[in-house]
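Participant: here is a sequence with its predicted model. Questions after.
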Amino acid sequence: MNEKVKSLISRTLEIPKDSLNDKTNLVKDLELESLDLVDLVVAFEEEFGVEILDKDIKNLQTVEDIVNYIESRNA
Amino acid sequence: MLKLYIEKDVSSKVLLKKVLKENNIDEEIIYNDYGKPYLKSNEIYFNISHKDNYTVLVTSKKEVGIDIEKITYNERILNKIANDEEKKLIKNAEDFTKLWVKKESYVKYLGMGLSYGLKNVDTLKLKKYQIKKYQDYYIAIYGDEVKEV
């Protein structure tokens, strides 16, 4: 799952996959702004078939957070 | 009174420091549960947004939110954030960007950001906003001090 999430972030944001690790922070490290963040949310929803709730977006700060969230929503 | 600052190649932190100094304010910044910054005294309200090399900051005597975005179009984001009535009105990148900054400035005014849900913001009902085109960008300000449109 970690690799899939990193691949999707890499494709969506057009950044090298090897620049990402589990602790990469979307806002602090990648300096994502809201538009990119929403784009990423939609990409995750489409790829993994989960709905990311608006109230949860602020908790999805790192690659690891996203992996855990998707796994918990799919459980 | 509303005051808008637009700066290039200046970080949010540096711009805020400059504006507070200009207003003779030297006090602690606190954050709400969603990360919106406030002055402890609420002597003035402010909000910040940045895109590419630009940072914009608005000050007001009342609650306020601001957003800047480069003119762009993204169909899947449109489907995520717009209701059916809004979608009918979006014909091009300018329309999309104006819709985006209006929604963003409103959720930032509320102090909840994306947690509020951009689809829950019906821009056709918003009244207290100003929108401004600046080069290839749109800037929206939503606030209690903004004259109703």
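Facilitator: Structure received.
Participant: how about the residues of chain A by chain B?
Facilitator: A:33-35, A:37-39, A:41-43, A:46, A:54-55, A:57-58 (C-beta under 8 Å from any C-beta of the partner chain). Glycine gets a C-beta too; all of them are placed from N, C-alpha and C.
Participant: rerun at 6 Å
Facilitator: A:34, A:38-39, A:42, A:54-55, A:57-58 (C-beta under 6 Å from any C-beta of the partner chain).
Participant: who wins on neighbours among these?
Facilitator: Within the residues of chain A next to chain B, neighbour counts (other C-beta atoms under 10 Å in any protein chain shown) peak at A:Val38, which reaches 23 neighbours.
Participant: in three-state terms, label B:Tyr55 for me.
Facilitator: No Tyr there; residue B:55 is Thr. With DSSP: H, G, I helix; E, B strand; the rest coil as the basis, B:Thr55 sits in strand.
Participant: look up how far B:Lys8 lies from it.
Facilitator: Using C-beta to C-beta, to the nearest Å, we find B:Thr55 at a distance of 8 Å from B:Lys8.
Participant: could you do B:Ile44 as well?
Facilitator: B:Ile44 sits 23 Å away from B:Lys8, taking C-beta to C-beta as the criterion.
Participant: cool, and A:Ile52?
Facilitator: Distance, A:Ile52 to B:Lys8, using C-beta to C-beta: 34 Å.
Participant: cool, B:Leu39 as well?
Facilitator: Computed as C-beta to C-beta, the B:Leu39 to B:Lys8 distance reads 25 Å.
Participant: can you pull the residues of chain B lying near chain A?
Facilitator: B:76-77, B:80, B:104, B:114-115, B:117.
Participant: identify the farthest-apart pair in these.
Facilitator: Maximum pairwise distance among the residues of chain B next to chain A (C-beta to C-beta): 20.3 Å, between B:Arg76 and B:Ser115.
Participant: please identify which of those two sits among more neighbours.
Facilitator: B:Ser115 (18 against 13).
Participant: which residues are in contact with that one?
Facilitator: When contacts are counted by C-beta atoms under 6 Å, 6 or more residues apart in numbering or on different chains, B:Ser115 touches A:54-55, A:58, B:34.
Participant: rerun at 7 Å
Facilitator: Applying C-beta atoms under 7 Å, 6 or more residues apart in numbering or on different chains, one finds that B:Ser115 lies in contact with A:54-55, A:57-58, B:34.
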